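sequence and predicted structure, then a few things I'm wondering about:
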Amino acid sequence: QVQLVESGGGLVQAGGSLRLSCAASARTSTNNALGWFRQAPGKEREFVASIFWSAFWSSGTTTYADSVKGRFTISGDSAKNTVYLQMNSLKPEDTATYYCTAGPRPVLTTGQAYYWGQGTQVTVSS
């Protein structure tokens, strides 16, 4: 069992930046891929970004939702079993609870996730 703990959410003005972190309790074959989803009130949970490592977390293949391409960057630190989501040029529509997720392969849909974090709130004011 892998536990995921997110941090870094908060309140920011439109155009600002935030960095989310997600620390995994272990590195196993079931969390070769880490990613982020978000869920706004009254809406379904949606994919944001994913990073998949083939071995040793030395480099990763990244995938982004169209709505965040060019603004968000996902990256990882293998020594800390941690993945980051750098969010720039934030918009009010980015307001949501952001969830870290993990799986053995790229997690692009909720059904592909093996593990979920507890979520961290991001609020972007206009």
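Cool, got the structure.

who's in contact with Lys43?
By CB atoms under 8 Å, 6 or more residues apart in numbering, the contact set of Lys43 is Ala96. (Glycine included, C-beta is placed from N, CA and C.)

just give the nearest non-adjacent residue to the residue most central in space within the chain, would you?
With the centre of the chain defined as its mean C-alpha position, the nearest residue by CA atoms, centre = their mean is Trp36, 2.4 Å away. Sequence neighbours aside, Val48 is the residue nearest to Trp36 in space, at 4.3 Å (criterion: CB to CB, 6 or more residues apart in numbering).

one more: Leu18?
Met87 is the one closest to Leu18 (CB to CB, 6+ apart), at 5.0 Å.

and what of Gly60?
Using CB to CB, 6+ apart, the closest residue to Gly60 is Ile51 (4.1 Å).

and the one you found, bridged to which residues?
Leu34, Thr62 (DSSP bridges).

if I pick it, what's in contact with it?
Ala33, Leu34, Gly35, Gly60, Thr61, Thr62, Thr63, Ile74, Ser75, Gly76, Val83.

same question, Val107
Counting by CB under 8 Å, 6+ apart, Val107 has contacts Ala33, Leu34, Gly35, Phe47, Ser50, Thr101, Ala113.

please repeat the previous calculation with a cut-off of 7 Å.
Ala33, Gly35, Ser50, Thr101, Ala113 (CB atoms under 7 Å, 6 or more residues apart in numbering).

now do Gly10
Taking CB under 7 Å, 6+ apart, one finds Leu18 in contact with Gly10.

shift numbering so it begins at 32
Got it, the first residue is 32 from now on, which makes the last one we talked about Gly41.

gap between it and Tyr95?
Note on Gly41: its distance to Tyr95, by CB to CB, to the nearest Å, is 22 Å.

mind listing the strands for this structure?
For the chain, strands defined by DSSP state E occupy the ranges 35-38, 41-44, 49-55, 64-70, 77-83, 92-95, 103-108, 113-118, 127-134, 146-147, 151-156.

a markdown table for those strands, including mean pLDDT and distance to Thr140?
Output for the strands of the chain, formatted as a markdown table (pLDDT from 0 to 100; distance: least, CB to CB, whole Å):
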| stretch | mean pLDDT | distance to Thr140 |
| --- | --- | --- |
| strand 35-38 | 95 | 17 |
| strand 41-44 | 97 | 28 |
| strand 49-55 | 96 | 18 |
| strand 64-70 | 94 | 9 |
| strand 77-83 | 94 | 7 |
| strand 92-95 | 92 | 12 |
| strand 103-108 | 92 | 17 |
| strand 113-118 | 95 | 18 |
| strand 127-134 | 96 | 10 |
| strand 146-147 | 96 | 13 |
| strand 151-156 | 97 | 21 |
